[in-house]
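Participant: test case, fold it:
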Amino acid sequence: MKIISAESFILHVPITPPITDAINVATHWGVTGIRIVTDEGITGYGYTGTCANGDEMIAQTIDRYYAPALIGKDPFMVKQIWDELRFGPMHWIGRAGITHMALAAVDIALWDIMSKSVNKPLWQYLGGHKPDKIKAYNTNGGWLNWSKERLISDMSAILEEGFTAVKMKVGLPDSREDFDRVKAVRKAIGDDIGLMIDVNQQWNITTAMTWGKKLEQFDLIWLEEPLNPDDIGNHRKLADELNVPIALGEHVYNKYAFRDYIERGAVEYVQVDVTRVAGVTEWLQVAGLAAAYDLPVCPHVGDMGQIHQHLVAATPNAIMLEYIPWIRHIFEEPATVKDGFYVLPQQPGASTTIIPRYFEEYRVK
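Facilitator: Numbering: from 1, shown residues only. Below is the predicted model of the structure:
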């Protein structure tokens, strides 16, 4: 099998209603990626996720530097291709961010092709671990632009759908307001429901030590991204001082940074995202590293769960998966949660094949 064409694409999928966390305002989700065609008629789709900003730079990286290098290659040489692209011309100017997100899209498309070629869903091709279902937790009811009343209403509605764990955003300028919102949600959902909070990097170490301690009383599963993601030392300090476990990984872009976090005891839930590290190839390496330290993996869903459901199903130390349904309708086999669990995909591939109608409707040209 040989690759005969490769081209980037950008889709902007509307988010209804728009959402806000402590760092982002999003009206659309950016699905920026690559469509790779082989001489055997198999087409692979891979993509990364953005708040619909900077997508053109990712697409330009794909088209100028990565796509031409793919022509004539065998997709089954995915690890060799990964090395060649990772250490190619873009290595000089970036080993994270745009270049890694572009490489993630390419790598995901190659794994999509390989699993399609053997007529298996990716989770089976990788070697399955969870053959029936994956526990899901829902993030889509906890946005900062929700009033406290809507926050409680949406969380309650999510529980009625069968979810047993939810996540809400904090990181407001006045941490007393965060405290009040978390207190109200815990009271509304009861003590038996798992509750996580996500700061989106908005606290400094002093705020995190003060309010992290105060929030411990609400029996949180984790405290997510409390500090700047490059500040490993203060994350270590926070992990040592708080009883609430630290979760992060959404803005950690390569296995070496994860290694440093893990070795220093600065992370307790590893949220490695396949669209931020350089695809399935590197994601599996990070998950294996976490397993060596007996740490759980709970991915951030920059892909909205389409690819991650396969990875979690194939990974022993991956214990559950975030659910945000913004873009599921654009895929031939959308990520589906029933009674609080992901229903595993059955179609061959990585669940990244986009319905032609939506590919054209949302495409940015």
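Participant: for stretch 225-238, measure first residue to last.
Facilitator: One end of stretch 225-238 to the other measures 11 Å (CA to CA, to the nearest Å).
Participant: what's it in contact with?
Facilitator: 198-201, 203-205, 208-209, 212, 246-248, 250-252, 260-261, 264-267 (CB atoms under 8 Å, 6 or more residues apart in numbering). Where C-beta positions appear, they are placed from N, C-alpha and C, glycine not excepted.
Participant: now for the lengthiest helix in the chain, which elements pack on it?
Facilitator: When the chain is scanned for its longest helix (criterion: DSSP state H), the result is helix 98-117. If contacts are counted by 3 or more CB pairs under 8 Å, 6 or more residues apart in numbering; DSSP states H and E, helix 98-117 sits against strand 25-38, strand 43-50, helix 55-61, helix 78-86, helix 122-125, helix 279-292.
Participant: same thing but at 6 Å, please
Facilitator: strand 25-38, strand 43-50, helix 55-61, helix 78-86, helix 279-292 (3 or more CB pairs under 6 Å, 6 or more residues apart in numbering; DSSP states H and E).
Participant: could I get the buried residue list for the third one?
Facilitator: Just to be clear, that refers to helix 55-61. By 16 or more other CB atoms under 10 Å, the buried positions in helix 55-61 come out as 55, 57-59, 61.
Participant: off-centre distance for it?
Facilitator: Relative to its parent chain, helix 55-61 has a centroid offset of 19 Å by CA atoms, centre = their mean, to the nearest Å.
Participant: what mean pLDDT does that helix have?
Facilitator: Averaged across helix 55-61, the pLDDT comes to 96.
Participant: using PDB, list the CA coordinates for the next helix-or-strand element following it.
Facilitator: Remark: after helix 55-61, the chain's next helix or strand is helix 67-70, criterion DSSP states H and E. What follows is helix 67-70, C-alpha atoms only, in PDB (Å, rounded to 0.1, in the frame of the first residue of the first chain):
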ATOM      1  CA  ALA A  67       2.000  16.100   3.100                       C
ATOM      2  CA  PRO A  68       4.700  16.200   0.400                       C
ATOM      3  CA  ALA A  69       6.800  13.800   2.500                       C
ATOM      4  CA  LEU A  70       4.000  11.300   2.700                       C
END
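Participant: for the top strand by length along the chain, packing partners?
Facilitator: If you go by DSSP state E, the chain has its longest strand at strand 3-20. Applying 3+ CB pairs under 6 Å, 6+ apart, we find strand 3-20 packed against strand 25-38, helix 55-61, helix 67-70.
Participant: now the residue nearest in space to the middle of the chain: closest residue in space that isn't a chain neighbour?
Facilitator: Central residue of the chain (CA atoms, centre = their mean): V301, 2.5 Å from the mean position. In this structure, V301 finds its nearest non-sequential neighbour in E322, 4.5 Å apart by CB to CB, 6 or more residues apart in numbering.
Participant: using the three-state scheme, assign that neighbour.
Facilitator: Under DSSP: H, G, I helix; E, B strand; the rest coil, E322 falls in the strand class.
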